[in-house]
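A.B. asks: What would the 3D arrangement of this be:
(chains A and B)
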Amino acid sequence: MTPPDTTSGIDPDAPHRYTATLADDIERRWQDRWEAEGTFWAPNPVGDLAPATGADSGDEDAGELGDKFFIMDMFPYPSGAGLHVGHPLGYIATDVVGRFRRMLGDNVLHALGYDAYGLPAELHSIQTGEHPRDNTLANITTMKRQLRRLGLAHDERRSFATIDPDFVRWTQWIFLQVFESWYDEDAQRARPISELRAEYESGARNAPDGAAWSELEPLERSLLIDSVRLAYVDDSPVNWCPGLGTVLANEEVTGEGRSERGNFPVYTRKLRQWKMRITAYSDRLIDDLDRVDWPESVKQMQRNWIGRSAGAHVRFPVVGAQDAAIDVFTTRPDTLFGATYMVLAPEHPLVDSITPDQWPDEVSRAWTNGQDDPRTAVAAYRAAAAAKTDVERQAGAPGPGGSAGGARDKTGVFTGAHATNPVNGESIPVFVADYVLMGYGTGAIMAVPAHDERDFDFATAYGLDIRPVVQAPEGHEGVWTGDGPAINSSHGDLDLDALSVDDAKTTAITWLQDHGRGAGTTTYRLRDWLFSRQRYWGEPFPIVYDAQGQPHAVPDSMLPVDLPDVPDYSPRTFAPDDVTSEPEPPLARATDWVSVTLDLGDGPQRYRRETNTMPNWAGSSWYELRYADPHNTDRAVDPQNEQYWLGPREAGGTGGVDLYVGGVEHAVLHLLYARFWHKVLFDLGHVSSEEPFHRLFNQGYIQAYAFTDERGTYVEAADVVEHEDGSWTYEGRPVQREYGKMGKSLKNVVTPDEMYAEYGADTFRIYEMSMGPLDASRPWETRAVVGSQRFLQRLWRLFVDEATGEVRVTEDAADAETLHVLHQTIDGVRADMDGLRFNTAIAKLIEMTNHLTKKQVRARSVLEPMVLMLAPVAPHVAEELWSRMGHTGSLARAPFPVADPAHLAADTVTCVVQVAGKVRGKIEVSPDIGDEELEALALAEPNVVRSIDGRPIRKIIVRAPKLVSVVV
RNA sequence: GCCGACUUGGCGGAAUGGUAGACGCGACGGUCUCAAAAACCGUUGUCCGAAAGGGCGUGCGGGUUCGACUCCCGCAGUCGGCACCA
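C.D. replies: Residues are numbered from 1 along each chain as shown, chains lettered A, B, ... in the order given. A predicted model of the protein is given here:
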């Protein structure tokens, strides 16, 4: 008989031991087979990826595809730097989920594309002269090879890159959809421009100024239409970055007023640029956050970014000026009686017209900045404000004493004008100050120093009245921004006194509306999306300009508009502080391309092409749709395919990708833009889903330790030695440890290739998944990887004789305890997989393996479910064992084990006995023991008796069969 | 400043209000070996104790509860986002 193979019989050099070499052989073999057999192909309802079922039309087949599960990763930018072990974390996680869902019977759509436009490739081209496409495609090839070795269960037929002409064609098509739409505020949705034009032509609608369509000149008509398009050219302040030679979206500018890429200063200035009217969707973008399954933190970030705030517009007539009035936005209309002055932003258009030639009598010296007349004073102040970058402006001017600059000292100047407070007729001074921003609200405020910190600071500095109109709690000093009864707030027919803040707001707004002096309103922080860049490596706009400079869509049949070859890929860049420079995109130099003759309905004419390109966010704003129908030449996505993969599952649902995994760094940029485009496409009837991503999950990051020597230079982390006292040395010299990213410059990169070579892909996958919860960041520790390999080796040994390679699985029946362990494990692993808790799922598999090893269990009825549970995380070794047990096909679609309730309950349960809240005894009892019997057993336990020590028992809590708590 | 998340052994981390520290790394002890490495087996929160057992322990201070890592209040620290947004 077989000698009991216990501890000492294990030979590390056994020929059939699960080593990196064997793993490598197994993994490559299965990867080739999966590819050859198309194991992970996901059929579509219709089109080229529909199942080949003869003459049947697609409609019938859709039902036969079964339940779907669409899982997505945030696709990568194909960098030339190569992967480190942090990159695949999310891809492994989605692969585990995808494989699990496939074993539950779902039709799983999982593929990976490449977000291939980007600055690095362009910078590389500027240096080398190589076309960015060549470099990018080479990087994609390398990256695919590295990722393939992970054994990801992707449908390769659905992979694409955003630079593929076939993809660009539809990116440009979507741009034109946006361009050819307007937002109908009444219907609260985007509608085609053609419908608006029809309404104008039929006379159903007049221009906003009341003019009839028929009375307008052709150019006026174009301008009217263009002014409401969702994609439009606008000459308004943008973020100009001379150092990069391009403009940037607000989202691409850091809090310090610098470019996110390159860290160059950014200046606000007016330039003619493409924008997208994302602000039209502000409410829906906020409201629909309640309908998606996203991390609360990301939802909150988007809410903050959109920045909806409710309040009122109030008109303050300018004293002495006929029709002039200052329109302000306030969130606190309840404090109108506390408004003691007003402030205009330096760029506010009314500043010039309201500033008089002379100071009024008895003007305070502090208000004039020492200037002899208001016009000079205001002009000087505005010039000074304009010269500041946003950074300086936000940092605040250094105080008179050269203060360290912590506080944002308020500066400003009196305009010499006064305005009338509409609620009490009071005349209050109007200032210009740069603490009021032109970009928010109306660029003008009513200042209520008693209840606003900023106004309080300014009022204190300039000696302005501070009048409390909300009763602060007793003993409170300074500004009170909280709730309380209104005081000093009554005049004429408006009486707010004693009302709470909320009630006073409502009352004040009603009064303002009734008297035509204002209205309740909502403002947003969100600005329209700046959509053009002065760069080469991006999608060209499918737009041409006519002789009058009016934009026209390039006809659909001419898409895609390809990038022309240019002699030089760089935009003209300037000194980082050259504010007045004019942007000059590289495409402008392709003069033959720029000038084009087209017939857009009026016969052949010369047009000039748009020479800006789209921002890198364009491709990623709709790529989820293309996975569902990657080769469609007639549409971006066929409606049936879209409905199947993305359509809402229940009435009123948003639909969207079932699970989208990626880093939290895209919380506002990519995720906001993608939602916006998706909603436009929904409004126009191109998709049935209202949201692109139904469930979002942010994976954490793999961090790493880096080490610096005494000069602060990074040293090779792999060669640092740790000492028992917790210190580290490199080549004998002491080094300092720091914790952060993995990167070449930090000399702490560990690559997946090293892991494949040393342990194999399955070990690497297990390690990454077992390090901790998926949403937490954690440090990489190469020396811990061996633990995952030991697990797989132990498991392998259960099945395979390491000396002979013989499969040792028997047809024996399993003992009751093992069955209990098995079904407990099945139950737990299923739940963990569902909740993306791969770390605890793996821990349970390890526990079970340790149990089977200890008991030398070889029963097929236990080992087969074990292999199936392992398959999502370690698919290659699972496939190998499955096939060695005699199965011929892949286990990719084998049913995931189901726990048998009969085996879930244990024979005995450990009951804990607490005395005065402390555990004093444990007793093994039957799971269905009664309360009374359990109580009696507990009180008979010697250690429990000793702990009670004769004290009177006040109460006994029995939770059979797990717990007895004795209160003394 | 505002918003959000987090804080558990030497380390990564487990724990529907019910045995704190599962699982893994490391460390220590052992088996095998001439030896070492590898592998395997065992121990491992901390203090007292020969043991039985007991004290103390989940950032800090309170509270609710028979019972709190878990719930509530206050504080500190770390990380992320926003930031003169009216």
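
A.B. asks: Whether stretch A:414-434 contacts RNA strand B - can you check?
C.D. replies: Yes: judged by Cβ under 7 Å from any atom of the strand, stretch A:414-434 and RNA strand B are in contact via A:Asp434. The way it works is simple: take the backbone N, C-alpha and C, and place the C-beta from them, glycine included.

A.B. asks: Just the closest residue of chain A to RNA strand B, please.
C.D. replies: A:Gly787 (2.4 Å; Cβ to the nearest atom of the strand).

A.B. asks: Can you get me a residue count around the closest residue in space to A:Asp900 that isn't next to it in sequence?
C.D. replies: Leaving aside its chain neighbours, A:Asp900 sits nearest to A:His823 (5.5 Å; criterion: Cβ to Cβ, 6 or more residues apart in numbering). Burial of A:His823 is recorded as 20 neighbouring residues (other Cβ atoms under 10 Å).

A.B. asks: What are the neighbouring residues in contact with A:His823?
C.D. replies: A:His823 makes contact with A:899-900, A:903-904 under the criterion Cβ atoms under 8 Å, 6 or more residues apart in numbering.

A.B. asks: switch the cut-off to 10 Å
C.D. replies: Contact analysis of A:His823 by Cβ atoms under 10 Å, 6 or more residues apart in numbering lists A:865, A:897-905.

A.B. asks: Could you verify that the residue of chain A closest to RNA strand B is part of a helix?
C.D. replies: Yes: counting by DSSP: H, G, I helix; E, B strand; the rest coil, A:Gly787 is found in a helix.

A.B. asks: Now do the buried residues in stretch A:680-691.
C.D. replies: Going by neighbour count (16 or more other Cβ atoms under 10 Å), the buried part of stretch A:680-691 is A:680-684, A:686-691.

A.B. asks: Could you check which helix or strand contains A:Asp352?
C.D. replies: Assigned by DSSP states H and E, A:Asp352 falls within helix A:350-354.

A.B. asks: and that helix, C-alpha only, in PDB?
C.D. replies: What follows is helix A:350-354, C-alpha atoms only, in PDB (Å, rounded to 0.1, in the frame of the first residue of the first chain):
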ATOM      1  CA  LEU A 350     -20.300  97.200 -14.900                       C
ATOM      2  CA  VAL A 351     -17.200  98.500 -13.200                       C
ATOM      3  CA  ASP A 352     -16.400 101.100 -15.800                       C
ATOM      4  CA  SER A 353     -19.900 102.400 -16.200                       C
ATOM      5  CA  ILE A 354     -20.700 102.900 -12.600                       C
END
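
A.B. asks: Tell me which of the contacts of A:His823 fall in helices.
C.D. replies: Among the contacts of A:His823, the members falling in helices (DSSP state H) are A:865, A:901-904.

A.B. asks: Could you dump those residues into TSV and include neighbour count and pLDDT?
C.D. replies: Shown next, in TSV, are the ones in helices among the contacts of A:His823 (neighbours: other Cβ atoms under 10 Å; pLDDT from 0 to 100):
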residue	neighbour count	pLDDT
A:Pro865	20	96
A:Pro901	9	90
A:Ala902	9	89
A:His903	18	89
A:Leu904	13	87
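
A.B. asks: just the residues you listed that are near RNA strand B?
C.D. replies: Among those, RNA strand B is touched by none when using Cβ under 7 Å from any atom of the strand.

A.B. asks: and which of the residues you listed is nearest to A:Thr411?
C.D. replies: When the ones in helices among the contacts of A:His823 are compared for distance to A:Thr411 (Cβ to Cβ), A:Leu904 wins out at 72.0 Å.

A.B. asks: tell me the contacts of the residue of chain A closest to RNA strand B?
C.D. replies: Going by Cβ under 10 Å, 6+ apart, A:Gly787 touches A:763, A:766-767, A:770, A:846.

A.B. asks: redo that, cut-off 8 Å
C.D. replies: Counting by Cβ under 8 Å, 6+ apart, A:Gly787 touches A:Tyr767.

A.B. asks: for the one 4 residues further on, same thing?
C.D. replies: Counting by Cβ under 8 Å, 6+ apart, A:Phe791 touches A:766, A:842, A:845-846, A:849.

A.B. asks: Which of these are buried? Put it as a PyMOL command.
C.D. replies: Those of the contacts of A:Phe791 that count as buried under 16+ other Cβ under 10 Å are selected in PyMOL with:
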select buried, chain A and resi 766+842+845+846+849
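
A.B. asks: Among the contacts of A:Phe791, name the ones in helices.
C.D. replies: Counting by DSSP H, the contacts of A:Phe791 place A:766, A:842, A:845-846, A:849 in helices.

A.B. asks: can you redo the ones in helices among the contacts of A:His823 as CSV with distance to A:Ala325?
C.D. replies: As requested, the ones in helices among the contacts of A:His823 are exported to CSV (distance: Cβ to Cβ, whole Å):
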residue, distance to A:Ala325
A:Pro865, 77
A:Pro901, 75
A:Ala902, 80
A:His903, 79
A:Leu904, 75
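
A.B. asks: re the thing from before, mind putting the buried residues of stretch A:680-691 into CSV with secondary structure and distance to A:Pro132?
C.D. replies: CSV is the format used below for these (DSSP: H, G, I helix; E, B strand; the rest coil; distance: Cβ to Cβ, whole Å):
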residue, secondary structure, distance to A:Pro132
A:Val680, helix, 29
A:Leu681, helix, 28
A:Phe682, helix, 33
A:Asp683, helix, 34
A:Leu684, coil, 32
A:His686, coil, 30
A:Val687, coil, 31
A:Ser688, coil, 36
A:Ser689, coil, 33
A:Glu690, coil, 35
A:Glu691, coil, 33
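
A.B. asks: Which two of the residues you listed have the greatest separation?
C.D. replies: Taking Cβ to Cβ, the two most distant members of these are A:Leu684 and A:Glu691; they sit 15.7 Å apart.

A.B. asks: A:Asn748 belongs to a strand, doesn't it?
C.D. replies: No: under three-state DSSP, A:Asn748 falls outside any strand and is assigned coil.

A.B. asks: That one contacts A:Gln703, correct?
C.D. replies: No: with contact defined as Cβ atoms under 8 Å, A:Asn748 does not count as touching A:Gln703 (9.7 Å).

A.B. asks: quick one: which of those two has more around it?
C.D. replies: A:Asn748 (24 against 16).

A.B. asks: Alright, calling it a day.
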